[in-house]
Structure formats: C-alpha cells, structure tokens
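# Turn this into a model:
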Amino acid sequence: MKWLTFGTANSGEVVCSEQPLSNLGGIMSLLNKFIDSLQIRFLGSAFREVIHPFAFQGRMEQHNVIYMLNKGHLSVGPHAVPVTPGDFYFFPAGQQHQLRFGSGRQTVIGPEGFAGAHPREEFLRDVSCSEDFSQLKELYTEISFEVLLYNAIPFFEILQLPAIPMPADLEFGHLIRYITQEQEQNKLGRDKIISNYMEEIIIHLCRYIDSQARFRPYVERLEFLADRRLVDIVKYIQGNLEKDLSNKVIANIAYVSEDYVGQFFKSLTGQNLQDYIENQRLERAMQLLRTQPDNIQEIAHRVGFKDPAYFSRRFKLKFNANANSIRQFARKDAIGE
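Numbering: from 1, shown residues only. Below is the predicted model of the structure:
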C-alpha cells in the first residue's frame, strides 16, 4: 500500500466538534496547524469470527488499531470493561493492553501472540464480506494503519494517547466496513477508494478526540512541535536508531549545548531524552522481531544496542516478554495472516 497525504480542502472541518469544548479555539488551531502534514498508511482490515474464547494479556499493537464489535462479546482492560456491539475501541501503537474475546472460559494469549500451542486458526476465522453475518455469534472488525507527522513522527504515539473507547457511530462503522470490503474485493480503483475512506476515518477519530475534554492535555502536546528544533530531534532519532544518539549528537541537531539538550527535550515533552530514545529503539525492535528474519543479535544492533544481552534484559523489562519468543512466533500474529 502507498502513503496517503491529507489535502487542504475542508481542513477547517477536521477539528469541528459536535460537542465543542468551551475553550476549544486553542485546540482547534493546534490540530489545524498539523492536520495537513499527516501521512496515512493503510495496513489491513478484516472481519473476524471468534471460534474459541481467548484473552490477550500484555498485547502491544505494532500499529494503530481500531476494533469494532459487530456482535458477541469483547471486553477491555484489567477490569474487563465490556464493549457494546456497534461500539469501537482505538488502540494507539506501542501500548500494552488486555482484550477478551468471546464468552465462556478464555484461553490466555501472552505478549508473543498466537503461536506454538495456540495457533490463530484455533481461535479466529477470517470472514468474507459475502457471508451471512446473521448466522455468526461472535464477530468483530479490525483495521490497522499508521499516521505520521512530517512523514517521520508517529502522530498518535507522540500525543501519548491512551486506548480510546468510542460509542456507536453509523457513519464511522460504514467507513470501516467499506474499507474491509474494498480490500477483499480488489476491484478497479481499490487503493484510491481506500485512501479516501482512510482520510475520513482519521478525521472522524480526530473529531472525537477533539470533542472530549479528557483528551485535551494530550492534544496540547502538539504545542511542543511548534518548536522546529524538537521536530528535528524526533525526526533524526526516528531515522537513525542504529547510530550514536548521545546527548552530544542530539545537541548538534538542535543547535543547543550538550549540557542543555536533555533539559530542553524534557521541558517540551516531559520525557527524559535518553529514556525516549531507548523506548523508540525497543518499540522498533518489537516491530522488527515480528516482521524480519534477522536473529536477535542482528536486530539489537539494527536498533542501536551494542550488547544483545543488555538489549534482551531491557526488552523483557518493557514488554514483559522474551525477545526470542516474540521473534519465533510473531509473523503468525500479523494482520491478514
């Protein structure tokens, strides 16, 4: 699939909210400032029937994912908050969460995903859009995508958004169904139609985030990106994880002193610079472990860890899973496989 860029037409509508905040102007201007610089990559979608109940524990999404419960049972989080059929849940990439699918006793699937004793086909069946959904008891739709700012910065991740429950919305649901159908049918002009639908989905998602007061602190993080030096730092880190990313190197990118660069980064983001770099390296490693044939030592070096043993310890600490188990089984857990 190709990268898709928002056009400028109707950009003023992107943050228009049906339930506006009382002082929404600042947030509107922030979102309007960046919305035209977003690139979207559609990764895949599917209708899935749950044929045996299961629970993801400590699952980390590689990419942004929206789940729509068509019918049946889905619950989220340590307290198993139920999702109502017709509702949605948005999970930004890089976050760990718990999901429970189906009713009855559930098989626990760890961070490594479907693998070994728990192959995907024992729990899920991809459903064709031509099937009669009325005959199915447990069904959900899954769509995954990436959204980058300036073609480098993961947009929803930089906001550090939590998982977002969204109530039933007929238009939003139709968009997700249409994309899933287009992908399966592979008709003339499929990619163009999917690109248009994806733009609408991101707009709907931004509108919903914009309409909820509880998300305002996250959206306000966009103010940090008004300083171009921070954008340059993040872009450089994202593109050079395998290289030396010491404070001295980053200081040269931002044209500030080595002594000041850590304070500068933390003052804008609230994060320690080297902690941010390590997290980016580990998240990239997770992606590579799931998609590339390289061994763990090679992947550790590709993301900037000189010591594979240290990499494995830090990976285990962050994801509560062994890198080797992720590497061994991950591709079976990729969407569409």
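# next one: phi and psi at the closest residue to residue 70 other than its chain neighbours?
Among residues not flanking residue 70 along the chain, residue 139 sits closest, at 4.2 Å (Cβ to Cβ, 6 or more residues apart in numbering). Using the backbone N, CA and C atoms, a C-beta is placed for each residue, glycine as well. Per-residue torsions, residue 139: phi -150, psi 140 (degrees, to the nearest 10).
# hang on, residue 139 packs against residue 125?
No: under the criterion of Cβ atoms under 8 Å, residue 139 is not in contact with residue 125, lying 9.8 Å apart.
# what touches both of these two?
Common neighbours of residue 139 and residue 125, using Cβ atoms under 8 Å, 6 or more residues apart in numbering, are 48, 49.
# The two: who's more crowded?
More crowded of residue 139 and residue 125, by other Cβ atoms under 10 Å: residue 139, with 20 against 14.
# what is the more buried one paired to in the beta sheet?
Bridge pairing for residue 139 (DSSP bridges) gives the partners residue 49, residue 71.
# Can you tell me how far it is from residue 232?
46 Å (Cβ to Cβ, to the nearest Å).
# Kindly report the same for residue 157.
Counting by Cβ to Cβ, the gap from residue 157 to residue 232 is 18 Å.
# Looking at the two, which one has more neighbours?
Neighbours per residue (other Cβ under 10 Å) separate residue 157 from residue 232, with residue 157 holding more: 20 against 16.
# Next, the buried residues of the lengthiest helix in the chain.
Ranked by residue count, the top helix of the chain under DSSP state H comes out as helix 190-211. If you call a residue buried by 16 or more other Cβ atoms under 10 Å, then helix 190-211 has these buried ones: 193-199, 201-211.
# Residue 97 - that's part of a strand, no?
Yes: assigned with DSSP: H, G, I helix; E, B strand; the rest coil, residue 97 falls within a strand.
# and the nearest residue to residue 307 once chain neighbours are set aside, what is it in contact with?
Once flanking residues are discounted, residue 307 sits nearest to residue 300: 7.7 Å by Cβ to Cβ, 6+ apart. The contact partners of residue 300, by Cβ under 8 Å, 6+ apart, come to 285, 307, 308, 311, 312.
# so of those, which ones are in helices?
Residues of the contacts of residue 300 located in helices (DSSP H): 285, 308, 311, 312.
# need those in a markdown table with neighbour count, distance to residue 173 and pLDDT, can you?
Converted to a markdown table, the ones in helices among the contacts of residue 300 look like this (neighbours: other Cβ atoms under 10 Å; distance: Cβ to Cβ, whole Å; pLDDT from 0 to 100):
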| residue | neighbour count | distance to residue 173 | pLDDT |
| --- | --- | --- | --- |
| 285 | 27 | 35 | 91 |
| 308 | 16 | 45 | 92 |
| 311 | 23 | 42 | 95 |
| 312 | 17 | 42 | 93 |
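# Give the buried residues for stretch 273-288.
Neighbour-count burial for stretch 273-288 flags 273, 276-288 (criterion: 16+ other Cβ under 10 Å).
# Kindly check the end-to-end length of stretch 65-76 for me.
Using Cα to Cα, to the nearest Å, one end of stretch 65-76 lies 14 Å from the other.
# which parts of that stretch are buried?
65, 66, 67, 68, 69, 70, 72, 73, 74, 75, 76.
# quick one: which of the residues you listed is nearest residue 236?
residue 65 (27.6 Å; Cβ to Cβ).
# Quick check: what element follows the helix or strand where the closest one lies along the chain?
Per DSSP states H and E, residue 65 falls inside strand 64-71. Moving toward the C-terminus from strand 64-71, the next helix or strand (DSSP H and E) is strand 74-76.
# Contacts for the helix or strand that comes right after that next one, please.
Downstream of strand 74-76, the first helix or strand assigned by DSSP H and E is strand 81-82. Contacting residues not belonging to strand 81-82 are listed as 73, 74, 75, 165 [Cβ under 8 Å, 6+ apart].
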